[in-house]
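> Next input, structure requested:
(one chain, ligands or ions: 1)
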Amino acid sequence: MHPDLERLIRLQALDTQAADARKAQATIPETQQALDKKLEGAQRAVAAARDQQATNQTDRRALEKDLAALNTRLSRYKDQLMEVKTNREYTAMQHEIETVQGEIKRLEDQMLERMLEADELAAGVKAAETALKAAEHKIVKERAELDVQLAGAATTLEVTLTQRAAVVAELPASVVATYESIARGRKGVAVVAASDERCSQCQVRLRPQVFVHIRQNSGILQCDSCQRILYFVPPPAAPAQPAAPATA
Ligand SMILES: [Zn+2]
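Predicted coordinates:
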């Protein structure tokens, strides 16, 4: 294989690797922010469940206080009932007692409702707390894994750029200029394999005399259609050949 073609294949592989590393550097922090949002959601759910529970407790305390006041009034009325002198006073007092008893019954029903609700709310708080704990555990782990990936991407990028500079230094400036011009216009993919007499990227069929030259890997040839630099990878029947770098 022509040494410059070999270097171009390597350059492409390094640039693809660098692009992947840069993409990871851009997307990992976004993924981490999304995880933080998820955790905040679980924290808010716990806070909301606890708020509901607190409101229920406040309501119950208020009902207890009102019931105590009503019971005090009821026993006072019952005492007064013993001291009434006339039938009319007796009937009036009976009426007062019935009213208070009705009110007590109403508040006791409300209290029962609040107590049943309290059981549900306690279960809700417990479920939200369990979900939060699980989310915390999962998110802390996922975040740490992403931190490792982020650091890995930075290292990969640094190493790749050093290796790239070395490859570029070995190539004629005009070849590098051609490569970079194609890469800019073709989303970073400037060097691709040709197989089955086609450019593997744009799928255009190559002229037979061009493909003959490409098969030899003896120079820098470009696809007539997409201008990408082409190289030949022997079909899989020849296992002795090194694997071609992946092309996007
Ligand atoms: Zn092409």
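> And residue 235, how far from residue 196?
To residue 196, residue 235 is 9 Å away according to C-beta to C-beta, to the nearest Å. C-beta coordinates here come from the backbone N, C-alpha and C atoms, glycine included.
> helix/strand/coil for the residue most central in space within the chain?
With distances taken as C-alpha atoms, centre = their mean, residue 34 lies nearest the centre of the chain, 4.3 Å away. The three-state label given to residue 34 by DSSP: H, G, I helix; E, B strand; the rest coil is helix.
> any idea how far residue 50 is from it?
Plainly put, residue 34 is 25 Å away from residue 50 if you go by C-beta to C-beta.
> ok, now residue 4?
Distance from residue 4 to residue 50, by C-beta to C-beta: 69 Å.
> Next: residue 191.
Where residue 50 is concerned, residue 191 sits at a distance of 60 Å (C-beta to C-beta).
> Equivalent analysis for residue 147, please.
Separation of residue 147 from residue 50 (C-beta to C-beta) stands at 31 Å.
> more crowded one of the two?
Between residue 147 and residue 50, counted using other C-beta atoms under 10 Å, the more crowded position is residue 50 (15 against 12).
> now the strands: where do they sit in the chain?
Counting by DSSP state E, the chain has strands at residues 191-195, 198-199, 221-222, 229-232.
> Which residue lies closest in space to residue 52, excluding its sequence neighbours?
Using C-beta to C-beta, 6 or more residues apart in numbering and skipping the chain neighbours, the partner closest in space to residue 52 is residue 121 (5.3 Å).
> Now for the one you found: which residues touch it?
49, 52, 53, 56 (C-beta atoms under 8 Å, 6 or more residues apart in numbering).
> Can you check the pLDDT for the closest residue to residue 223 other than its chain neighbours?
With sequence-adjacent residues excluded and distances taken as C-beta to C-beta, 6+ apart, residue 223 is closest to residue 199, at 4.1 Å. pLDDT recorded at residue 199 is 96.
> tell me the domain ranges of this protein?
Domain ranges of the chain: 17-170, 173-232, per automatic domain parsing.
> that older thread, does the residue nearest to residue 223 touch residue 222 like I think?
No: if you go by C-beta atoms under 8 Å, residue 199 and residue 222 don't touch, sitting 9.3 Å apart.
> ok, how many other residues are close to residue 190?
25.
> Could you number the chain from 49 rather than 1 from now on?
Understood, numbering begins at 49; the last thing we discussed is residue 238.
> So what touches the helix-or-strand element of the chain with minimal mean pLDDT?
Within the chain, no helix or strand scores below helix 256-264, which has a mean of 92 by mean pLDDT, DSSP states H and E. Identification of contacts with helix 256-264 by C-beta under 8 Å, 6+ apart yields 242, 245, 254, 267, 269, 272, 278, 279, 280.
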